[in-house]
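Asks: Based on what follows, work out the 3D shape:
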Amino acid sequence: MEAEPDQLLRTAMRVANTLRSHEVHFALAGGCAVYAHGGPASEHDVDVFVTEQDAPEARKVLVAAGMRAVNPPEDWLLKVYDGDCLVDLIFRPSGRPVTPERLDRAEELRVGATTAPVIPATDLMVDKLLILNAHRCDFAPLLLIARAVREKIDWVEVSRQTGHSPYARAFLTLLADLDIVDGRQLAHAKGEAHAEQGPW
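Replies: Residues are numbered from 1 along each chain as shown. Next comes the predicted model:
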């Protein structure tokens, strides 16, 4: 059963306040981060970035607060439920480990009636582009996010970090063709990436 956006927002606030009160290092990610940055509200789950070392403690304190733990088949996250709301405690998104340094870059933003550390919009877009593959290649949600938070994103940095992905390159080309981003800047970043890789 999929939770309603207002339920997800309440869960995000509850998760943030619980983790903060227990001094667990975290940052909101995914749809909640998009919402905090001014994008559309999340309609799926609450994504939280933690280090792999802190993930069991994060789950423990959330369970102690009344949430229900489940055992996921994936090896890159842990899961709990707050009623019908799924909370993903992610420590290796897109194959890249969450580090304390990455969490330190989080921005303190308003989330409902509270504030919480939220991953920067640039990191958020990088993560979302690196998820794209042959079986998950829907650009429509990404277009909504890109339009809503484009001024907060360092698109050159996004291009540099995702340049190895043909799906990310295709999406960035689409954004340039739609005049959502500056195609000249992306072309410059692409040229720099090729120069770093060498002629072979």
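
Asks: And Ala170, how close does it get to Ala146?
Replies: Here Ala170 is placed at a distance of 13 Å from Ala146 (CB to CB, to the nearest Å). Just so you know, the C-beta spots here come from the backbone N, C-alpha and C atoms, and that holds for glycine as well.

Asks: Would you map the helices across the chain?
Replies: Along the chain, counting by DSSP state H, helices occupy 5-21, 30-36, 55-64, 100-104, 121-131, 140-149, 155-162, 166-177, 183-197.

Asks: I'd like to check the angle between the fifth one and helix 140-149, please.
Replies: What it means is helix 121-131. Helix 121-131 runs at 170 degrees relative to helix 140-149, counting by axes from the mean of the first three to the mean of the last three CA atoms, to 10 degrees.

Asks: Going forward, count from 657.
Replies: New numbering, starting at 657: the last item is helix 777-787.

Asks: between Ala826 and Ala802, which one's more packed in?
Replies: Ala802 (25 against 13; other CB atoms under 10 Å).

Asks: can I assume that one is in contact with Met781?
Replies: Yes: the criterion here is CB atoms under 8 Å, and Ala802 meets it with Met781 at 7.2 Å.

Asks: list the residues that contact both of these two?
Replies: Ile809 (CB atoms under 8 Å, 6 or more residues apart in numbering).

Asks: returning to that earlier point: tabulate the helices of the chain in JSON lines, adding columns for distance to Val726.
Replies: What follows is the helices of the chain, written out as JSON lines (distance: least, CB to CB, whole Å):
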{"stretch": "helix 661-677", "distance to Val726": "15"}
{"stretch": "helix 686-692", "distance to Val726": "18"}
{"stretch": "helix 711-720", "distance to Val726": "10"}
{"stretch": "helix 756-760", "distance to Val726": "24"}
{"stretch": "helix 777-787", "distance to Val726": "22"}
{"stretch": "helix 796-805", "distance to Val726": "25"}
{"stretch": "helix 811-818", "distance to Val726": "31"}
{"stretch": "helix 822-833", "distance to Val726": "30"}
{"stretch": "helix 839-853", "distance to Val726": "40"}
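
Asks: quick one: buried residues of stretch 696-710?
Replies: Across stretch 696-710, burial judged by 16 or more other CB atoms under 10 Å covers Ser698, Asp701, Val702, Asp703, Val704, Phe705, Val706, Thr707, Glu708, Asp710.
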